[in-house]
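Peer 1: Have a look at this fold, sequence not included:
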């Protein structure tokens with residue numbers, strides 16, 4: 001089985017367990033292939049936790065779930081040195097749950113900044129530094145952080161610098177009525193003893209690494225590169241594209257945004273069976289790559305203008321130049 005078919009099988013297997021959240025499933029696999037991390041926002045009960053658990057179930061890799069709470073400490077995530085008087089080396093590093101393949105940072109905004117920052121080095125440099133020593137992460141590594149868009153009392157909003165480290169900020173909503181019916185039936189089936197005993201065929205991590213090599217070979221024309229740059233430029237110098245944009249935006253996207261759109265659009269093209277990036281691939285990923293990187297003005301917030309509406313306006317104003 002070739003790499004694309006293996007990834008499609010992985011998508012099909014996850015979609016069979018996560019009904020009505022096809023976008024979430026595709027983004028989950030896309031971000032894994034793009035070697036990034038992502039922030040997932042959705043109301044309780046929308047299969048956020050189940051999605052990444054199902055991914056680890058069908059992929060031959062480990063999963064750590066970290067429940068973020070106000071009393072969590074950074075060492076609860078990274079690990080700490082333990083004193084062992086009987087050992088030759090008195091202090092032995094006990095690795096924390098961050099040392100795994102897939103990391104579920106559940107309700108990340110419920111822990112204070114010093115705990116949130118414990119993820120930064122692992123997400124960006126793929127290593128953890130403790131007591132003067134540096135420990136590398138696994139070759140296959142991804143952080144999926146979740147947060148609830150409601151119940152913001154007693155939470156700690158993620159700072160812009162940390163939001164920027166996420167390749168994508170994905171939002172999901174309720175499934176439709178037909179999917180809701182399928183969810184009820186699937187839950188009933190999964191509760192049966194026969195379903196619990198069913199063996200699951202796991203896909204090797206090598207498939208992910210091979211897919212990444214193929215994605216690196218995806219061609220992107222100078223036209224599409226210019227399109228990405230023009231979109232980012234519109235977030236930084238909005239006055240060139242209209243009075244509304246200038247009024248809505250305080251700060252635009254960083255160079256990480258350009259890199260994120262490039263990586264995500266190439267991965268999206270590969271997943272769609274193409275060997276080149278088209279403007280449609282860019283437009284398909286641009287909302288998830290930008291919505292957490294834009295800082296809206298007071299006027300935009302007062303008018304109820306969302307980041308997605310700002311991005312829509314940018315896409316309407318920025319043309320694809322031949």
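Peer 2: Cool, got the structure. Because the structure is a prediction, the values reported are computed rather than measured.
Peer 1: where along the stretch 201-322 of the chain do the strands fall?
Peer 2: Counting by DSSP state E, counting those that start in this stretch, the stretch 201-322 of the chain has strands at residues 219-220, 249-251, 276-277, 295-296.
Peer 1: Go through the longest one and flag the buried ones.
Peer 2: Right, the one you point to is strand 249-251. Burial within strand 249-251, assessed by neighbour count using 16 or more other Cβ atoms under 10 Å, is assigned to residue 249. Bear in mind the C-beta positions are built from the backbone N, C-alpha and C, glycine included.
Peer 1: And for that strand, what's in contact with it?
Peer 2: 235, 238, 294, 295, 296, 297, 300, 310 (Cβ atoms under 8 Å, 6 or more residues apart in numbering).
Peer 1: tell me the contacts of residue 102?
Peer 2: Applying Cβ under 8 Å, 6+ apart, the residues near residue 102 are 52, 55, 56, 61, 62, 63, 64, 141, 142, 144.
Peer 1: Near the spatially closest residue to it that is not a sequence neighbour, how many other residues are there?
Peer 2: Spatial nearest neighbour of residue 102, excluding adjacent residues (Cβ to Cβ, 6 or more residues apart in numbering): residue 63 at 4.6 Å. Close neighbours of residue 63, defined as other Cβ atoms under 10 Å, add up to 17.
Peer 1: where does residue 63 fall, phi/psi-wise?
Peer 2: Residue 63 adopts backbone torsions of phi -140, psi 130, taken as degrees, to the nearest 10.
Peer 1: what does residue 291 give?
Peer 2: According to degrees, to the nearest 10, residue 291 has phi -60, psi -30.
Peer 1: Could you check how far residue 101 is from residue 28?
Peer 2: Using Cβ to Cβ, to the nearest Å, residue 101 is found at 13 Å from residue 28.
Peer 1: that older thread, which of the contacts of strand 249-251 are buried, as a PyMOL select command?
Peer 2: The buried residues among the contacts of strand 249-251 can be selected in PyMOL (16+ other Cβ under 10 Å) with this line:
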select buried, resi 235+238+294+296+297+300+310
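Peer 1: show me the contacts for residue 21.
Peer 2: Here residue 21 is in contact with 46, 47, 51, 172, 175 (Cβ under 8 Å, 6+ apart).
Peer 1: switch the cut-off to 10 Å
Peer 2: 14-15, 27-28, 42, 46-48, 50-51, 172-175, 179, 183 (Cβ atoms under 10 Å, 6 or more residues apart in numbering).
Peer 1: which among these gets closest to residue 200?
Peer 2: Residue 200 lies nearest to residue 14 out of these, by Cβ to Cβ, at 11.3 Å.
Peer 1: element containing residue 173?
Peer 2: Counting by DSSP states H and E, no helix or strand carries residue 173.
Peer 1: Need the residue closest to the centroid of this structure.
Peer 2: residue 38 (1.6 Å; Cα atoms, centre = their mean).
Peer 1: List the backbone torsions phi and psi for that residue.
Peer 2: The phi/psi pair for residue 38 (degrees, to the nearest 10) is phi -140, psi 150.
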